[in-house]
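[1] Just a sequence and a predicted model for now, questions to come.
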Protein chains: 4
Amino acid sequence: MAAYETVIPVRFGHVDYAGIMFYPRFFDNFHAVFEDMFGARLGVPYMSILKERRIGFPTVRIETQFHRPFRFGEPMRLRIDCTRVGRSSIDFHYRAFHGDGREPSAEARATVVTVDLDTLKPIDIPPDIRAVLADLHD
Amino acid sequence: MAAYETVIPVRFGHVDYAGIMFYPRFFDNFHAVFEDMFGARLGVPYMSILKERRIGFPTVRIETQFHRPFRFGEPMRLRIDCTRVGRSSIDFHYRAFHGDGREPSAEARATVVTVDLDTLKPIDIPPDIRAVLADLHD
Amino acid sequence: MAAYETVIPVRFGHVDYAGIMFYPRFFDNFHAVFEDMFGARLGVPYMSILKERRIGFPTVRIETQFHRPFRFGEPMRLRIDCTRVGRSSIDFHYRAFHGDGREPSAEARATVVTVDLDTLKPIDIPPDIRAVLADLHD
Amino acid sequence: MAAYETVIPVRFGHVDYAGIMFYPRFFDNFHAVFEDMFGARLGVPYMSILKERRIGFPTVRIETQFHRPFRFGEPMRLRIDCTRVGRSSIDFHYRAFHGDGREPSAEARATVVTVDLDTLKPIDIPPDIRAVLADLHD
């Protein structure tokens, strides 16, 4: 296995008055690749983890660098890999590329915590999710 | 002068399936207090800086920590102060509080660069904006 | 009692490349005044209706006219009144004004249905909500 | 030629506390298929119409019906066709389907006006855009 990738176009509603992606919208895209990765690798929709298993993954920390702006219409290639798996916390590395570019145009390092969705208290990462994360690397 | 504050309610459209603020929405609110601060302290709407003076402030780096979730309906008190002013770059510190709470429930440190909006190249911070930033501290 | 109003500024993240409010954002604001109205008139947060009583109000129809654009920084005054209350369905009239203007710059007529949030099936409008709606008129 | 279609997944950030698509997000998706159609049929990015030709298409009226909710993870198939072309105004019909479904789960009829982006005044629809619209029907 390897890091997971998806491509999302930069939409009109995501660019600002200057015609470049409004920076909060990057985080929507980081979340999108996170969702898609779980769906693809776990073989069940991300929502079923929340809805049926009552597990959530709130972000507790994210450090982001924006190297080069994205303009309307450009395809954003998003890549997620996992750099650390703790008992309940997980570190992800997100990268956003212009098309087939090698150097990321934006990147983020995030820590999420696995929680009981009803109490929002940390829980141990379940084995099937841990297995997905163990394979999610470059 | 001092740090600048505004209060924004946590809206239904900002909370996720778990009933807590979806983390990308925090960045919308950080931008909101940034806009409001410029409008209030500079005495002209933030948009006039972009539209008439063709100056923009893209974010190049932001490090964020989420300590405690915000639930729908809770008022989010947002505070912005400036921690460094360079030739064209500026460091801001954002804090989000639950109501009158003393400890921030989320906080971010961001670097923005002052640019020519048409070329997106860095420019020197204009004196009137520099004066506003010099007063924007705790 | 009367129609309910709130004021929401047009934010940078809500305007498009042309500097005017991106039309999908009007619906976020219509929902905001809907939420605020329930909170103010019912005396409990809108979220408690959903979370504790498991009642929701999905929109099934909305007809909208945009007469005059809103530019960044302009305050949008939003007004909601109720024009019909059925057994489970409710018609609302939304208007968005430029500041103190008399003529709406945008307006919408929407039908929502009162549902059980878990089954999404229609239910009778509860008496306390019906009482609020009976007073929500010009 | 024919109506134009695209598929957009229902993202976590688009669903509400009830786990169904928050209704303002439908309009983001209607705009997305509008953008994609122009890019595909005109052979140039939608943004170039705005940026280089200074032409915009503000929505002046939209009537929408929501028949069946979309849940997180479901693919939304969006279809746009043109039902009327005037001198400067255009009527579009949007439909959102659950996957390969035949009956639309949501649909909208919108009128947009072709304007000079700087003055926001109506202009005649340019011939190349008129040709695209003439082919955009079921």
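    Here it is on my side, so go on.

[2] quick one: residue A:47 is in a strand?
    No: checked against DSSP: H, G, I helix; E, B strand; the rest coil, residue A:47 lies outside a strand; its state is helix.

[3] Please pull out the lowest mean pLDDT helix or strand from chain A.
    helix A:46-51 (a mean of 89; mean pLDDT, DSSP states H and E).

[4] counting contacts, what elements does the helix or strand following that one pack onto?
    Next along the chain after helix A:46-51, taking DSSP states H and E as the criterion, comes strand A:55-56. Judged by 3 or more C-beta pairs under 8 Å, 6 or more residues apart in numbering or on different chains; DSSP states H and E, the packing partners of strand A:55-56 are strand A:115-116. All C-beta spots, glycine's among them, are computed from the backbone N, C-alpha and C.

[5] Establish whether the strand it packs on and chain D are in contact.
    No: interface with chain D: strand A:115-116 contributes nothing (C-beta under 8 Å from any C-beta of the partner chain), its closest point being 15.3 Å away.

[6] Show me how far that strand is from its chain's centre.
    Relative to the chain's own centre, strand A:115-116 is displaced by 18 Å; criterion: C-alpha atoms, centre = their mean, to the nearest Å.

[7] what's the answer for stretch A:78-90, then?
    10 Å.

[8] for chain A, what spans make up the strands?
    Assigned strands in chain A, in chain order: A:4-9, A:55-56, A:59-66, A:75-85, A:89-98, A:106-113, A:115-116 (criterion: DSSP state E).

[9] And the average pLDDT for the third one is what?
    In this model, strand A:59-66 carries a mean pLDDT of 98.

[10] Can you tell me what sits against it?
    A:23, A:26-27, A:30, A:89, A:105-113, B:23, B:58-67 (C-beta atoms under 8 Å, 6 or more residues apart in numbering or on different chains).

[11] Indicate each strand paired with it and its parallel or antiparallel sense.
    Applying DSSP bridges, strand A:59-66 is found paired with strand A:106-113 (antiparallel), strand B:59-66 (antiparallel).

[12] would TSV of those strands with mean neighbour count be doable?
    As requested, those are exported to TSV (neighbours: other C-beta atoms under 10 Å in any protein chain shown):
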stretch	mean neighbour count
strand A:106-113	21
strand B:59-66	20
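
[13] how about the residues of chain A near chain C?
    A:12, A:13, A:15, A:16, A:17, A:19, A:22, A:24, A:72.

[14] and those residues near chain D, which?
    Near chain D, by the rule C-beta under 8 Å from any C-beta, you find A:12, A:13, A:15, A:19, A:72 out of the residues of chain A next to chain C.

[15] Neighbours of the closest residue to the last one other than its chain neighbours, how many?
    This points to residue A:72. Nearest residue to residue A:72, sequence neighbours excluded (C-beta to C-beta, 6 or more residues apart in numbering or on different chains): residue D:47, at 4.0 Å. By other C-beta atoms under 10 Å in any protein chain shown, the residues close to residue D:47 number 20.

[16] For residue D:47, give its distance to residue A:73.
    Distance from residue D:47 to residue A:73, counting by C-beta to C-beta, to the nearest Å: 5 Å.

[17] ok, now residue A:129?
    Residue A:129 is 36 Å from residue A:73, where distance means C-beta to C-beta.

[18] what's the answer for residue A:94, then?
    Separation of residue A:94 from residue A:73 (C-beta to C-beta) stands at 22 Å.

[19] So for the two, which residue has more residues nearby?
    residue A:94 (24 against 20).

[20] Beta-bridge partners for the more buried one, please?
    residue A:80, residue A:108.

[21] dump the residue contacts of it.
    If you count contacts by C-beta under 8 Å, 6+ apart, residue A:94 has them with A:30, A:33, A:34, A:78, A:79, A:80, A:107, A:108, A:109, A:110.

[22] Now flag whichever of the residues you listed is closest to chain D.
    Closest to chain D out of the contacts of residue A:94 is residue A:34 (8.6 Å), distances taken as C-beta to the nearest C-beta.

[23] Tell me if I'm right that the closest one and residue A:93 touch.
    No: if you go by C-beta atoms under 8 Å, residue A:34 and residue A:93 don't touch, sitting 11.4 Å apart.

[24] Which one's more surrounded, the two?
    Shown here are residue A:34 and residue A:93; by other C-beta under 10 Å, residue A:34 has more neighbours (22 against 19).

[25] what's the closest non-adjacent residue to residue A:53?
    That would be residue A:126: by C-beta to C-beta, 6+ apart, it lies 7.6 Å from residue A:53.

[26] Distance of residue A:92 relative to residue D:81?
    In terms of C-beta to C-beta, residue A:92 sits 41 Å off from residue D:81.

[27] okay, these two: which has more neighbours?
    residue A:92 (23 against 19).

[28] Now do the contacts for the more buried one.
    Counted by C-beta under 8 Å, 6+ apart, residue A:92 has contacts A:34, A:80, A:81, A:82, A:83, A:109, A:110, A:111, A:112.

[29] near chain D, which residues of chain A show up?
    So far as C-beta under 8 Å from any C-beta goes, chain A lies against chain D at A:9, A:11-13, A:15, A:19, A:28, A:31-32, A:35-36, A:39, A:45-47, A:51, A:71-73.

[30] Mind checking which of those are in helices?
    Of those, the ones assigned to helices by DSSP state H are A:28, A:31, A:32, A:35, A:36, A:39, A:46, A:47, A:51.

[31] Can you tell me which of those residues is nearest chain D?
    residue A:47 (4.0 Å).

[32] what's the spacing between the closest one and residue C:39?
    Taken as C-beta to C-beta, the span from residue A:47 to residue C:39 is 28 Å.

[33] correct me, but residue A:116 touches residue A:126?
    No: applying C-beta under 8 Å, one finds residue A:116 not in contact with residue A:126, separated by 11.6 Å.

[34] Need the residues touching each of the two.
    In contact with both residue A:116 and residue A:126: residue A:55, using C-beta under 8 Å, 6+ apart.

[35] Name the residue closest to the centre of chain A, please.
    residue A:34 (3.3 Å; C-alpha atoms, centre = their mean).

[36] show me the residues around that residue that make contact.
    So residue A:34 contacts A:46, A:57, A:80, A:92, A:94 (C-beta under 8 Å, 6+ apart).

[37] one more time with 7 Å, if that's ok
    A:80, A:92 (C-beta atoms under 7 Å, 6 or more residues apart in numbering or on different chains).

[38] do you know how far it is from chain C?
    Relative to chain C, residue A:34 is positioned 22 Å away (C-beta to the nearest C-beta, to the nearest Å).

[39] Next, count neighbours for residue A:10.
    23.

[40] no no, residue A:115
    20.

[41] Next up, the contacts around it.
    Neighbours of residue A:115 in contact, by C-beta under 7 Å, 6+ apart: A:56, A:58, A:121, A:122, A:123.

[42] And those, which two are furthest apart?
    A:58 and A:123 (12.1 Å; C-beta to C-beta).

[43] So these two - more neighbours on which side?
    Per other C-beta under 10 Å, whichever of residue A:58 and residue A:123 has more neighbours is residue A:58, with 20 against 16.

[44] can I assume that one is in contact with residue A:111?
    No: the pair residue A:58 / residue A:111 is not scored as a contact, 10.0 Å apart, by C-beta atoms under 7 Å.

[45] Which of the contacts of residue A:92 sits closest to residue D:2?
    residue A:34 (35.6 Å).

[46] Next one: that closest one from residue A:4, what distance?
    In terms of C-beta to C-beta, residue A:34 sits 9 Å off from residue A:4.

[47] what touches both of these two?
    Common neighbours of residue A:34 and residue A:4 (C-beta under 7 Å, 6+ apart) are residue A:80.

[48] Can you give the contact residues for the least confident helix or strand of chain A?
    Contacts for helix A:46-51 (C-beta under 7 Å, 6+ apart): A:35, A:38, A:39, A:55, A:56, A:117, B:17, D:12, D:19, D:72, D:73.
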